[in-house]
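Novice: Sharing a model prediction with you, sequence too.
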Amino acid sequence: MNRLRPFDHTVYTGHSVRSDAVAEAQKEFVTKVFGWMTAALVVTGVVARGVFTSEALQQFIFGTPFVFFGLIIAELGLVIYLSAAINRMTAATATWTFLGYSALNGLTLSVIFMAFTSESLASTFIITAAMFGAMAAWGYFTKKDLTGLGSLAFMGLIGILIASVVNLFLRSEGLYWIVSYVGVLVFTGLTAYDTQKIKEMAVMGGSDAESYQKVAVLGALKLYLDFINLFIMMLRIMGRRR
């Protein structure tokens, strides 16, 4: 028994070192992902504010439906392109595509600056950030597997999309509020789930800097979409119109 003790201690120490290394890698990777997500949010906010303060840009974007819906189609195209072709891109191309998407999103989201008061935008943003941060922290630190929550949230997302399309024709106020409240639950759930998956992605980021950056960009895109959609749903509930 005495001979086994040094051996057991060595194995435990080695495991501890490996665990510490993994934890540090996960922390570094998640920090990088949140950094790029924050950068994209800043780009979106600056562009949206710029459109709000420029009558010429407002007229160009919202003067004809063709331009506005063309921008939305371009956004969808960029997201699909980035998700499907990222393995064939360089890290720089993936990063600039992501930031370009966030800029396009700023052009279309500028409409909320015209629809809601500055005070309600600011207060809703703060509350959204607090909710997002809390759910992201839970997703990062919890030991519970959130796969079931992610599946449930994804099904809820499909339901929201279908209900939103249907309500374009029904114009039901009741359905509007149902979608808004369910949307908050869906995107808070997705925030926790995506954060946990991004933490797991740290060990799959690849040994080279190119792969590492591209995986980080994909993670940042997921969290960016979670935050933007959560903010919109909260704004539908809490926002005060002009």
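Specialist: Thanks, I have the structure now.
Novice: all helices for the protein, in order.
Specialist: 4-52, 55-62, 65-85, 91-115, 118-141, 147-170, 173-201, 209-238 (DSSP state H).
Novice: tell me the mean pLDDT over the first one?
Specialist: What it means is helix 4-52. Averaging pLDDT along helix 4-52 gives 78.
Novice: And the last one, by the same measure?
Specialist: Averaging the model's pLDDT scores along helix 209-238 yields 95.
Novice: Same question for the second one.
Specialist: Confidence over helix 55-62, taken as the mean pLDDT, stands at 94.
Novice: swap in stretch 135-146?
Specialist: Mean predicted lDDT for stretch 135-146 stands at 97.
Novice: Could you check how far the nearest residue to Ala136 once chain neighbours are set aside is from Gly139?
Specialist: The shortest distance from Ala136 to any non-neighbouring residue, by CB to CB, 6 or more residues apart in numbering, is to Thr195 (4.5 Å). Every residue, glycine included, has its C-beta placed from N, CA and C. According to CB to CB, to the nearest Å, Thr195 stands 3 Å off from Gly139.
Novice: So which of those two has more stuff around it?
Specialist: Using other CB atoms under 10 Å as the criterion, Thr195 and Gly139 rank with Thr195 on top: 27 against 24.
Novice: for that one, what are its contacts?
Specialist: Going by CB atoms under 8 Å, 6 or more residues apart in numbering, Thr195 touches 30, 135-136, 139-140, 223.
Novice: TSV for those, including distance to Tyr101?
Specialist: Converted to TSV, the contacts of Thr195 look like this (distance: CB to CB, whole Å):
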residue	distance to Tyr101
Val30	21
Met135	23
Ala136	21
Gly139	23
Tyr140	25
Leu223	14
